[in-house]
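1. Show me the folded form of this:
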Amino acid sequence: MQITFHGAAQTVTGSKHLITTDRGKKILLDCGLFQNKGGDNAELNRHFGFDPMEVDYMILSHAHIDHSGNIPHLVKQGFAGPIYCTEATLDLCSIMLEDSAHIQESDLNYLNKKRKRRGQKALDPLYTLEDVQKALKLFVTVPMNEKIAIDQHIRFHFTDAGHILGSAAVNLEVDERTQKSKQSDVLQGEVVKIFFSGDTGRFNDYILKSPQPFPQADYIITESTYGDRLHEDAENTELELLQIVHQTCIINKGKLIIPAFSLGRTQEIVYALNRLFNKGQLEKVPVYVDSPLAISATSIMRKHKNSFNPEIVEYMKKDDDPFGFESLHYIQDVELSKELNEKKEPCIIISASGMMEAGRIKHHLKNNIIDAKNTVLIVGFVPPGSLGDRMIQGEKEVRIFGKMVPLRASVKVMGSYSAHADYKELMKYLACQNPSQVKRMFLVHGEKDAQLTFKKHLHGMGFSDIVIPMMHESFTL
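-> Have a look, this model is predicted:
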């Protein structure tokens, strides 16, 4: 059996791992978009490194675009097999992939204008809404912890990863045994157990259940996003958020701009503000969630309350809508979104995308970071070299929409809102395994420095054979 890493290899996006069994079956784990390599994204996303028509099955860990976003292109290029995922993941992909298609076309219009000026040929979009609809017809939903036989020799089950709604780790069993001879019933070979973490959530998540222990594996593919970092203590998170709101909106009379992923982070921030409002601690500052995708994702969150942790379930006995309160306004209309930048009064604007590489948030940043009264609050992962990273590093000017914009607003970071486990939480998650029975571990979905540090921590736990694969690198299992 062989595994090849076609994405999220020494980087945090583009998750894509292809397993080829001894019987020639090909199983693709995730099919995400590369999102953080600047001009390299287009080429990386157009070329898989394998033939989609040869892939038999796909298993999707969760709906984030860096894990699911290239599925329509995969189908467009000839993949026609089943795509296994959880029910919540399908619900989320139905809105997130459509949104991604719109972004593909919008970004391409901008790029093609530049190409035309250079005398270059216009590019076709990576995929369209029609391609998304065709891909969604291939999705097959699977409940958590239910073993599914893909074929006579391959089966798998999902365990809860606790990262976002519907996120799951993949527990794959491949029966490589064959008869020793036609005359003998004796089998040779083994049943190989492969574990793929997808993205691992946190044990103190504000909304979701904690990551679930998983059965002993022979091979482990694990994310390593925060392999060299510890998150801030979550105990005083609400108080810290309240202090930032008070300083920015009450004392400075400015705007608090919060870039947040439409799914997960936005709902966590809204839930925290809801709690502060109900306790009478949040001043009556208008709060705007300016993201059509976040509005749709919030509706899906309400549908899947069975994924919520006991704390929020108990809270909902007193407040049946943790994602809504009096001074909260959800914005869909483009014109209303533009009006937010004309408003002079203090307010809180929560907008996508969390990485600040696309979406309405870029317009809010362009219009508001020039004012020293305002604050940008970063509540999630920003890739090295990205707009968010440059803001954290304290650059005096940042490039937005091709123009340099003075950065005078304060920039704050709250790591306690991250949806990714830090290295101690990852170690806690992996502690359910007997290291002596793990033949090899692969570190993916992380920057190289973080992976090297995490590798040392894992050696300390007793894991011995730990590999950091390169892009398109193959290994025999």
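2. so where is this protein shaky, pLDDT-wise?
-> Across the chain, the ranges flagged by pLDDT under 70 are 36-40, 179-187, 354.
3. Strands along the stretch 1-150 of the chain, start to end?
-> 2-7, 16-20, 26-29, 57-59, 83-85, 139-141, 148-149 (DSSP state E, counting those that start in this stretch).
4. Centre-most residue in this structure?
-> residue 64 (4.0 Å; C-alpha atoms, centre = their mean).
5. So that residue is in contact with residue 198, correct?
-> No. Using C-beta atoms under 8 Å, residue 64 is not in contact with residue 198, being 9.0 Å away. All C-beta atoms are positioned from the backbone trio N, CA, C, and that covers glycine.
6. can you redo the strands of the stretch 1-150 of the chain as CSV with mean neighbour count and distance to residue 445?
-> Below are those laid out as CSV (neighbours: other C-beta atoms under 10 Å; distance: least, C-beta to C-beta, whole Å):
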stretch, mean neighbour count, distance to residue 445
strand 2-7, 22, 9
strand 16-20, 24, 10
strand 26-29, 24, 11
strand 57-59, 24, 16
strand 83-85, 25, 18
strand 139-141, 16, 22
strand 148-149, 12, 24
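7. Same list as before, those strands that is, but in TSV and with distance to residue 286 included.
-> Formatted as TSV, the strands of the stretch 1-150 of the chain follow (distance: least, C-beta to C-beta, whole Å):
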stretch	distance to residue 286
strand 2-7	40
strand 16-20	42
strand 26-29	43
strand 57-59	43
strand 83-85	37
strand 139-141	38
strand 148-149	47
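8. Minimum distance to residue 160: which of those has it?
-> The closest of the strands of the stretch 1-150 of the chain to residue 160 is strand 83-85. By C-beta to C-beta, the value is 13.3 Å.
9. Measure how buried the residue lying closest to residue 22 once chain neighbours are set aside is and give me the count.
-> Of all residues not flanking residue 22 in the chain, residue 176 sits nearest, at 5.2 Å (C-beta to C-beta, 6 or more residues apart in numbering). Counted with other C-beta atoms under 10 Å, the neighbours of residue 176 add up to 16.
10. ok, now which ones touch residue 176?
-> Contacts for residue 176 (C-beta atoms under 8 Å, 6 or more residues apart in numbering) come out as 1, 21, 22, 23, 153, 189, 190, 191, 192.
11. Contacts only, for the second one.
-> When you say that, I think you mean residue 21. So residue 21 contacts 1, 27, 153, 154, 174, 176 (C-beta under 8 Å, 6+ apart).
12. what helices or strands is the top helix by length along the chain leaning on?
-> Counting by DSSP state H, the longest helix found in the chain is helix 87-117. Using 3 or more C-beta pairs under 8 Å, 6 or more residues apart in numbering; DSSP states H and E, the elements in contact with helix 87-117 are helix 65-68, helix 71-76, helix 129-136, strand 139-141, helix 292-303.
13. among the strands of the stretch 1-150 of the chain, which is nearest residue 113?
-> Per C-beta to C-beta, nearest to residue 113 of those: strand 2-7, 28.7 Å.
14. quick one, that closest one and strand 16-20 angle?
-> Per axes from the mean of the first three to the mean of the last three C-alpha atoms, to 10 degrees, the angle that strand 2-7 makes with strand 16-20 is 170 degrees.
15. Show me what strand 2-7 packs onto, helices and strands only.
-> Against strand 2-7 (3+ C-beta pairs under 8 Å, 6+ apart) you get strand 16-20, strand 440-444, strand 473-476.
16. follow-up on the earlier one: out of the strands of the stretch 1-150 of the chain, flag the one nearest residue 257.
-> Nearest of the strands of the stretch 1-150 of the chain (C-beta to C-beta): strand 2-7, 30.8 Å.
17. burial of residue 134, as a residue count?
-> 15.
18. Quickly note the distance from it to residue 70.
-> Using C-beta to C-beta, to the nearest Å, residue 134 is found at 14 Å from residue 70.
19. and of the contacts of residue 21, the nearest to residue 334?
-> The closest of these, once distances to residue 334 are taken by C-beta to C-beta, is residue 27, at 41.5 Å.
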